Every structure is written in C-alpha cells, then in structure tokens.
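**Student:** Need a 3D model of the sequence below.
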Amino acid sequence: MELSPTIRKLLCQSWHWDSDECHMITFNADGSGEIISRAELNLWIAAFTQWKLLDIISDDTQALATPLPEPTFIGRMLSTASHTVVLKARVEITLSRNRMTTLYGRDITRRRINDDVLLDEAFQTKQYTITVGRGQFATQHAIKNKHPKQPLYALQMAFDRSPLPAKSEWKPDQQAMVESVRQYEMTNFCTQELGRTADSGGCITM
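**Tutor:** Numbering: from 1, shown residues only. Now for the predicted structure:
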C-alpha cells in the first residue's frame, strides 16, 4: 500500500521504548528499517528490517495540523494530557539476518547479536496493528519504572504485540536475559521529544 506524504512523514521516524535509545524501531520511507535492543554494555539486536503498510483502519492525520499545547508541569509529572489517535493501521515487519556493522560509530562486527541469539522464528514476517497517538507521552519504560523526571514525546506508536522477538524466539541460553529485560512486553514507542525534565541517567531496562 502506497503511503500518503502525511502518513509517510508520521511513520518514518525512529521510535523509542525508553529515552536512552536502548530499545527502538525505525521506519524508513523506502521500506527499510532498523530494530535495536541493548542495555548498557550489552547488545542483543542491531538488525535491519523490511516493512510495509498493509491497511489503514482509521485516519485522522489532519489533526496533526493543530499545534500541541505547551507541556505543563503536571503533564510532565503524570503524562495526563489528552491524547488524540491520529492513525490506526496494520503493518508487516520482517527482521533481516543482515546485521549492522557499526552502531553509534562503534564497530559491532564481533558482537554476538541477531541470529547468534535468536531462533529462526524471529526472522519470519509478522503483522501488527499499530495505533499512533498525538499528545504528551512518557515512554513505556518511564511509566513501568515510575520515573516522573523523564522527557515527554508528542507521538506514541502502540503495537498490539511487541515488534521485538517473542520470548519463544530467543535461543535457550538467552532466556535468563529475556526474563530480566522482557523485550516481548515492549509495545509502546515514542518520538518527537517535547523536553527533558532531568537527566535520565543510564540505560535501565528493569
């Protein structure tokens, strides 16, 4: 399905589960993308993806033309501002076995990532329903860990299930890590930071 310019601009960004860019998904306009999953010195996924829009369920992207109100102190603390759903759609994502060779300027060719830690099922094409909201959003990581002094974001993409590999798609020697990091529970990703209320510190996954 061909993307309209408005939907292309909306979707084709890097979306963050946390404010430290540890777990993120990127959609590019040419149908390519990236998925990254890391924490501190650990790196598990640095993979390219292919994606496409399958179907639009609802489209209210004209609301994007309305300016957002300035973030309030209470809104920053509680992320209670009203949200508008601007797009609901079905997408298809395929995780590629082609690994990145660098990440943030560092060589990662010797790192044990992607198909070194994932089973074949992780690389099968999967379909998701996404709901894109506009408002003032804390990251799912900040909400989960009750971190009020975190940046808010103007957009949130909520998946019906995590775009990161399911628990059953990791190799047996990775199960302890998966139980700790719980990538399979990461369903909400944000973009377009509105402002940071305090330094977020390190990349904390629990």
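**Student:** any weak-confidence spans in the protein?
**Tutor:** 69-82, 147-148, 195-206 (pLDDT under 70).
**Student:** hey, where'd the strands end up in it?
**Tutor:** 14-16, 23-27, 32-39, 42-59, 84-99, 102-103, 106-107, 126-137, 152-159, 188-195 (DSSP state E).
**Student:** and the second one, how far from the chain's centre?
**Tutor:** If I follow you right, that is strand 23-27. How far strand 23-27 lies from its chain's middle: 5 Å, per CA atoms, centre = their mean, to the nearest Å.
**Student:** What is the burial count for A154?
**Tutor:** As a burial measure, A154 scores 17 neighbours (other CB atoms under 10 Å). To be clear about C-beta, it is placed using only N, CA and C from the backbone, and glycine gets the same treatment.
**Student:** Against L68, how distant is the residue nearest to it when sequence neighbours are not counted?
**Tutor:** Distances taken as CB to CB, 6 or more residues apart in numbering put Q192 closest to A154, at 4.0 Å, once the chain neighbours are dropped. Q192 sits 9 Å away from L68, taking CB to CB, to the nearest Å as the criterion.
**Student:** Please identify every residue contacting each of the two.
**Tutor:** A154 (CB atoms under 8 Å, 6 or more residues apart in numbering).
**Student:** give me every residue that touches the closest residue to T125 other than its chain neighbours.
**Tutor:** Excluding its sequence neighbours, the residue lying closest to T125 (CB to CB, 6+ apart) is T94, at 4.4 Å. Residues near T94 by CB under 8 Å, 6+ apart: T49, Q50, W51, F123, Q124, T125, K126.
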